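Colleague: Starting from these lines, generate the structure:
(4 chains)
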Number of protein chains: 2
Amino acid sequence: MDDRLLLLGLLRQSEMHGYQLYEFIERNLTTCTNLKKPSAYFLLSKMEAEGLVEVQETRTGNRPPRKVYRLTPEGERLFWQSLEENLAQFIPTVFVGDVGLAFLDQLPSQRALDLLQRRQAAMQMYLAKLEALPPHRGSAALLIQHQIHHVRSELAWLASLIADLQSASQSAALDEKGLKALENTRSKSNPK
Amino acid sequence: MDDRLLLLGLLRQSEMHGYQLYEFIERNLTTCTNLKKPSAYFLLSKMEAEGLVEVQETRTGNRPPRKVYRLTPEGERLFWQSLEENLAQFIPTVFVGDVGLAFLDQLPSQRALDLLQRRQAAMQMYLAKLEALPPHRGSAALLIQHQIHHVRSELAWLASLIADLQSASQSAALDEKGLKALENTRSKSNPK
DNA sequence: TATTGAATAGTCAATTTTGAATATTCTGAA
DNA sequence: TTCAGAATATTCAAAATTGACTATTCAATA
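Modeller: Here you go, the predicted structure:
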């Protein structure tokens, strides 16, 4: 539903053909969707069938004809409805990177540390890229600020995990208890 | 690939049939995957075809036979490889909720505020649920801590967005410039 | 002026995901 | 005991997504 909202919202600002939509999303809105090219086309033709958008075929030279999409009043209605719905709700974030964390205790703690430090480096690089981005206009800027805020927060969390892991493996060197110590440490510290 | 890692990792701890896997994920690991029941079954039979897991059909009474899966050495190898890969990389988070934010300026600012405050309430409820969760064992606890950290950070960000929106609509009441003011405000404030 | 590679524009078969249905067993209340 | 509904366990057809491909135009350079 959110991808429809995205397409409707963009078409509302100006009519476009599939590739333009895809390009724009790819360049400016990757932080809020994974929509790929064929999915974009698929969605568009579906939305046409549902009467949310109208198509105008335009042929330039002997190119394959481009389909230019524009919003119908029906589409406009759905836009407002979906926009309100999207803004009012909260969808919990799924962290695929946490699958690995779920099995962190299977690894020797030194190896775990190594890997997490590589993750940390990858995050720092991503953050640097975000911060170096040329200033975007309008609400795209908002999304980038959001992503920056998020990555900083994730970096802080990862740093604290790494620190715990380090001190746990320190004491493990003494008391031979390994990662078990860590779980207790972290599950108790629950700062407001 | 991450869902395979998840299934492999769980099967490595003990053999299980599809429903058990699904149930366990549903109860303890929803913060790191969206894997639905039929997808779990699909993945399992695919992994069987790939020689990553073995099946043992067990029939109890005249129930439909249950397929119990266990890891093969091949599966074990892939587990370690995928685990290291997962831990070492960082996959940027996609915020579907940001689709709405991308069109925030299309709404009258009072309406935008209303909706975002509802989102805020939804987030607070989710956080409360997380915090009330009975203490989980092992690394599941880690994932919950992560989710809590994340939601707190998101709440802070949303609060600051709402505050900016409020002060922007205050000045709009004076200078009639509406939401335009907001974008400038936020895109400049970039705290270290 | 050819040639090559990037950018533009879209499609398709194959894969993956999903909602909904099926079927059995268990639990407890009437 | 019996009937209803929850829990267990899986499957399937329909829908959505993807990687890989096709094809044209444009820009630069050999």
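
Colleague: what does chain A put close to DNA strand C?
Modeller: A:His17, A:Gly18, A:Tyr19, A:Gln20, A:Glu23, A:Lys37, A:Pro38, A:Tyr41, A:Arg63, A:Pro64, A:Arg66, A:Lys67 (Cβ under 7 Å from any atom of the strand). For glycine as for every other residue, the C-beta is placed from the backbone atoms N, C-alpha and C.

Colleague: what about the fourth one, which SS state?
Modeller: Under DSSP: H, G, I helix; E, B strand; the rest coil, A:Gln20 falls in the helix class.

Colleague: Correct me if wrong: A:Leu8 contacts A:Thr72.
Modeller: No: A:Leu8 is not in contact with A:Thr72 according to Cβ atoms under 8 Å; the separation is 10.0 Å.

Colleague: Show me where chain A has its strands.
Modeller: Secondary structure of chain A by DSSP state E: the strands cover A:16-17, A:53-58, A:66-71.

Colleague: right, so of the ones you listed, which gets closest to A:Ser169?
Modeller: The closest of the strands of chain A to A:Ser169 is strand A:16-17. By Cβ to Cβ, the value is 54.4 Å.

Colleague: which outside residues touch the closest one?
Modeller: Outside strand A:16-17, the residues that touch it by Cβ atoms under 8 Å, 6 or more residues apart in numbering or on different chains are A:Leu10, A:Phe24, A:Arg66, A:Lys67, A:Val68, A:Tyr69.

Colleague: Out of these, grab the one that's most surrounded.
Modeller: A:Tyr69 (25 neighbours; other Cβ atoms under 10 Å in any protein chain shown).

Colleague: Excluding residues flanking it in the chain, which one is nearest that one?
Modeller: A:Val53 (4.6 Å; Cβ to Cβ, 6 or more residues apart in numbering or on different chains).

Colleague: count of neighbours near the one you found?
Modeller: Residues near A:Val53, counting by other Cβ under 10 Å: 25.

Colleague: residues in contact with it?
Modeller: Contacts of A:Val53 by Cβ under 8 Å, 6+ apart are A:Leu7, A:Leu8, A:Leu11, A:Leu44, A:Met47, A:Tyr69, A:Arg70, A:Leu71, A:Thr72, A:Gly75.

Colleague: circling back to that earlier point, between A:Leu8 and A:Thr72, which contacts overlap?
Modeller: Shared contacts of A:Leu8 and A:Thr72, counting by Cβ under 8 Å, 6+ apart, come down to A:Leu52, A:Val53.

Colleague: of those two, who's got more company?
Modeller: Taking neighbours as other Cβ under 10 Å, A:Leu8 and A:Thr72 compare with A:Leu8 leading, 24 against 17.

Colleague: returning to that earlier point: can you pull up the bridge partners for the residue nearest to A:Tyr69?
Modeller: A:Leu71 (DSSP bridges).

Colleague: separation between it and DNA strand D?
Modeller: Distance of A:Val53 to DNA strand D, computed by Cβ to the nearest atom of the strand, to the nearest Å: 15 Å.

Colleague: tell me the pLDDT at that residue?
Modeller: On pLDDT, A:Val53 comes in at 96.

Colleague: Please state the offset of stretch A:5-24 from the chain centre?
Modeller: 19 Å (Cα atoms, centre = their mean, to the nearest Å).

Colleague: Now that stretch: buried residues?
Modeller: A:5-12, A:15-18, A:21-22 (16 or more other Cβ atoms under 10 Å in any protein chain shown).

Colleague: and the least confident of the contacts of strand A:16-17?
Modeller: The lowest pLDDT within the contacts of strand A:16-17 belongs to A:Arg66, with 86.

Colleague: which residues touch that one?
Modeller: Shown in contact with A:Arg66 (Cβ under 8 Å, 6+ apart): A:His17, A:Tyr19, A:Glu57, A:Thr58, A:Arg59, A:Thr60.
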